[in-house]
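Engineer: Here is the input, now give the coordinates:
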Amino acid sequence: MSSLTASWQEIAAKKRDADLAKIPAQWILPPSVIAEAKLQRKIAGTFIEGFLDADTRHLTGMDVPELLQHMGDGSVTATQVVTAFCKRAAVVHQLTQNMLEICFDLARDRAEELDLYFQTHKKLVGPLHGIPLTLKDQFHVKGLETSMAFVGWIGTFEGQKGTGKERNIESEIVKEFHSLGAVPIGKSPETSNNILGYLWSPYNQLLSAGGSSGGEAVMQALRGSAFGIGTDIGGSVSMPASYNGVFSIKASSGRISMKNAANTGQGQLIMPTAVGIMGSSIDTIRLVLRSMVSTEPWLRDPYVVPLPWREGEEYHGGKGPFKPTFGFMENDGVVTPHPPVQRALRMVKLALQDAGYDVIDWNPPSNAESLEIHGKIARGDGCPDVWSALQLSGEPEVYEIEGLFEPDGPRKPMSLTEYQDVVLQMRDYRNRYQDYWMSTASATRSGRPVDVFISPVAATAGLMRHKFLYSEYTSSTNVLDFPTVVVPVTFADQDVDRVESGFRPFTEIDKQNMEAYDAGVYHGAPAAVQVVGRRLSEETVLSLAQIVVDALERQKGKESGRLA
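Structural biologist: Take a look at the predicted model:
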C-alpha cells in the first residue's frame, strides 16, 4: 500500500467521525458518560433512560400499534415520534457503536412530509405511517452507503468505485417501507467488524450481542428504533434476538424480498439468506410482516412466493375446533443447553400445560446431520467474495472468520458433483423431517400433526466471545427453511442456574459447551426459546408464539398470587 493511499485504520476512523458528525450537538454525550457506560454490566433499562428526557422515554417506550393509534388520532405527530427515536438512537450509538449509517436529517424531513399528508387528508399514509426503523447494513437506502462493515466497501457500491450506483440504489424492502409510511433512521453493523469494533449485549456487557445481526438486536434491546430488519443464514437473527432479550421472526426464504440487497455468497440459492424482523412484541412483528406482504412483493421480485397474508392460518385462543399441539425439544441429543435456557424451557412447558395445551416430545432427524449439510452449503465455494472484500483495504480477518481461508487466499471450492451430493443430502433430510412431522398425528389427541415445536434458540444463554461452539438449534431451521419466532422468557440467575452434578455430555462439543458456562459471568443474560413452524407458515408461528407469551404471563400472575 503506497504512502498516498490511506490505511484501513484511517478509512475506518474517518467513517466513525463522519457518523458522529451526523448527530446533533445537543445529543452528544460527554466522554465521561461513555467511559462510565463501558464499566457497566447492564446498560439496558434505567442506565440508558437516565440520559433521555421524559417525552423521549414515553414515546420510545410505546409499541408500534400504540404509536400508530396516537398518530392516527392526531395526539402525536410523525415528527415527534421520529425525533424521539432519533434522539434515543443517537444515545444508543454513542454507548455501543452500533450504527454504520445515520440519516436523522432525512428521517425528520420524511416525517414532516407525513405530517403534512395527515393534515391534508386526515388519515395515515399507510399501515406503518411515521414508524422509525433501522436495518442491517445489507439493505441499500437511497442517500446512504452500504458497506456491510467491510472497510474496502466504504465510498463504493459493493466494493466498486465510479459505478454511479453509490447512494442511489434502494433495496426492494426499503421501497416497500417507504410506501407503507415507515421511516428509516439508520443502519446497523455486523457484530464483529473493523470499522466500529465489537458489539456486546446491553443486558450483560461481559457477553456478546451475537451475530451476525447483532447490531440490530442491540438497537432493539435499547429501543433505538421501533423495529429492525436483519438477515439470517444460520441463526443470524434468532441468536442475537435471544441474547439481547427481544422478539424476532426469521421468515422462510421467499416470504420477504432480498432483491437489491448486498450479500456474500450471492450465487448460493439452495439455502438462501432469509430476512428477519426484530421488535419489542409479537404484535409489532406481525403488523410489520403483514404490512410488507400487503405490498405484493412477488410482483416485483420473482423470488418472493406469491402468498398473501392468511388470517385463516392464525390461531386466536379458543376459536376453532382444535387446540394446537406443541412439540417440545429439551435438547437435540448433540449439545445440552446451558442451565438458564433449560429453566426457560421448563417455564414455557409448564405454562402451556397449565393453560390446557398438549405438549409432546419432539424427536426429529438429528441436528448432527443438519450441521454437516449447513457448513458445506454455506461455505462450499470457499468464500472468495469475502476474501476479495478484505483485500480491498488490507483489513485483517476478524476473529470469527479466522481459519476460513488459506494463508494466501480462499480455500478450494467444492466440485459441482460434490455440491450436488450435499444438495441431495439436504433434500433427503428435509423429506425425512417432513415425514416425522406428519407422523406426530398419531401422538396428538386431535389426530392432527403437531402445529409448531419449541426448542432452545442456542446452547448458550448469551455468548462469551471466542467460545462459540454450536449453532444447529437455529442453523437447522435454515437447512429446513422453517420460520422461527424467538420469545424472551427470563434472565440467567447465578443463584439458581447451576450445572447439575450428574450432567453427562452427549458429545465432546457438549462437554466443552457446558465447561464454558460460568454462572457468575452469565448472570442477568436473557434466556429465550424459539417457536418453529413448517415452511412458509409465518402466520401460524406468530399466532402460536403469542399463545406462549400469554401462557407465560398467566403463569407469572399465578406465581405472584401465591407469593402474595
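Engineer: going forward, measure contacts between C-alpha atoms and count neighbours the same way
Structural biologist: Will do.
Engineer: For the most centrally placed residue in the chain, give me the pLDDT.
Structural biologist: What sits nearest the mean C-alpha location of the chain, by Cα atoms, centre = their mean, is Val237, with 2.7 Å. Predicted confidence (pLDDT) for Val237: 99.
Engineer: Spatially nearest residue to it (excluding sequence neighbours)?
Structural biologist: Ser213 (5.5 Å; Cα to Cα, 6 or more residues apart in numbering).
Engineer: hang on, isn't that neighbour packed against Gly234?
Structural biologist: No: at 10.8 Å, Ser213 and Gly234 do not qualify as touching, with contact defined as Cα atoms under 8 Å.
Engineer: neighbour-wise, which of those two wins?
Structural biologist: A side-by-side neighbour count of Ser213 and Gly234, using other Cα atoms under 10 Å, places Ser213 first with 31 against 25.
Engineer: list the contacts for that one?
Structural biologist: Lys136, Pro189, Glu190, Thr191, Gly230, Thr231, Asp232, Ser236, Val237, Pro240 (Cα atoms under 8 Å, 6 or more residues apart in numbering).
Engineer: separation between it and Ile285?
Structural biologist: Ser213 sits 16 Å away from Ile285, going by Cα to Cα, to the nearest Å.
Engineer: Likewise for Tyr517?
Structural biologist: Separation of Tyr517 from Ile285 (Cα to Cα) stands at 32 Å.
Engineer: Arg310: how many residues sit nearby?
Structural biologist: 12.
Engineer: And for it, nearest residue in space, chain neighbours not counted?
Structural biologist: Nearest non-adjacent residue to Arg310 (Cα to Cα, 6+ apart): Glu539, at 6.7 Å.
Engineer: tell me the SS of the one you found?
Structural biologist: helix (DSSP: H, G, I helix; E, B strand; the rest coil).
Engineer: what's the helix or strand for Gly245?
Structural biologist: Assessed by DSSP states H and E, Gly245 sits outside every helix and strand.
Engineer: Quick check: pLDDT value at it.
Structural biologist: Note on Gly245: pLDDT of 99.
Engineer: Now do the contacts for it.
Structural biologist: Ala221, Pro488, Pro526, Ala527, Ala528.
Engineer: elements contacting the helix or strand hosting the second one?
Structural biologist: Which is Pro488. Taking DSSP H and E as the criterion, the element that holds Pro488 is strand 484-491. For strand 484-491, the packing partners by 3 or more Cα pairs under 8 Å, 6 or more residues apart in numbering; DSSP states H and E come out as helix 238-243, strand 247-250, helix 339-354, strand 526-532, helix 538-563.
Engineer: cutoff 6 Å now
Structural biologist: In this structure, strand 484-491 makes packing contacts with strand 247-250, strand 526-532, judged by 3 or more Cα pairs under 6 Å, 6 or more residues apart in numbering; DSSP states H and E.
Engineer: could those be laid out in CSV, adding distance to Leu463 and mean neighbour count?
Structural biologist: Shown next, in CSV, are those (distance: least, Cα to Cα, whole Å; neighbours: other Cα atoms under 10 Å):
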stretch, distance to Leu463, mean neighbour count
strand 247-250, 18, 32
strand 526-532, 11, 28
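Engineer: Dump those strands to TSV, plus distance to Ser32.
Structural biologist: Output for these, formatted as TSV (distance: least, Cα to Cα, whole Å):
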stretch	distance to Ser32
strand 247-250	32
strand 526-532	28
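Engineer: Out of those strands, which gets nearest to Lys42?
Structural biologist: strand 526-532 (11.5 Å; Cα to Cα).
Engineer: follow-up on the earlier one: just give the number of residues close to the residue nearest to Arg310.
Structural biologist: Using other Cα under 10 Å: Glu539 sits among 20 other residues.
Engineer: That one is in contact with Gly312, isn't it?
Structural biologist: No: under the criterion of Cα atoms under 6 Å, Glu539 makes no contact with Gly312, lying 8.6 Å away.
Engineer: residue ranges with poor pLDDT in the chain?
Structural biologist: 1-4, 318-321, 560-564 (pLDDT under 70).
Engineer: mind running it again at 90?
Structural biologist: 1-5, 316-322, 403, 461, 466, 556-564 (pLDDT under 90).
Engineer: Residue ranges of each domain in it, please.
Structural biologist: If you go by automatic domain parsing, the domain ranges for the chain are 8-299, 315-563.
Engineer: Most tightly packed of these?
Structural biologist: domain 8-299 (a mean of 21; mean count of other Cα atoms under 10 Å).
Engineer: Make sure I have this right: Ile134 is in a strand.
Structural biologist: Not quite, residue 134 is Thr, not Ile. Yes: assessed by three-state DSSP, Thr134 belongs to a strand.
Engineer: Please report the distance of it from Val246.
Structural biologist: Going from Thr134 to Val246 by Cα to Cα gives 15 Å.
Engineer: same question, Ser393
Structural biologist: Per Cα to Cα, Ser393 is found 35 Å from Val246.
Engineer: ditto for Ala389
Structural biologist: From Ala389 to Val246 the distance is 31 Å (Cα to Cα).
Engineer: ok, back up a step: Throw the domains of the chain into JSON lines and include distance to Leu307, thanks.
Structural biologist: Shown next, in JSON lines, are the domains of the chain (distance: least, Cα to Cα, whole Å):
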{"stretch": "domain 8-299", "distance to Leu307": "8"}
{"stretch": "domain 315-563", "distance to Leu307": "9"}
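Engineer: what about the ones you listed, which gets the closest to Pro308?
Structural biologist: That would be domain 8-299 among the domains of the chain, by Cα to Cα, at 6.2 Å.
Engineer: Now do that closest one: distance to the chain's middle.
Structural biologist: Centroid separation for domain 8-299 versus its chain: 11 Å, with Cα atoms, centre = their mean, to the nearest Å.
Engineer: Quick one: residues in contact with stretch 529-549.
Structural biologist: Residues outside stretch 529-549 that contact it (Cα atoms under 6 Å, 6 or more residues apart in numbering) are 252, 313-315, 452-457, 481-487.
Engineer: Mark which of those are part of strands, please.
Structural biologist: Val452, Phe453, Ile454, Ser455, Pro456, Thr484, Val485, Val486, Val487 (DSSP state E).
Engineer: Show me the beta-bridge partners of the fourth one.
Structural biologist: The one in question is Ser455. Gln530 (DSSP bridges).
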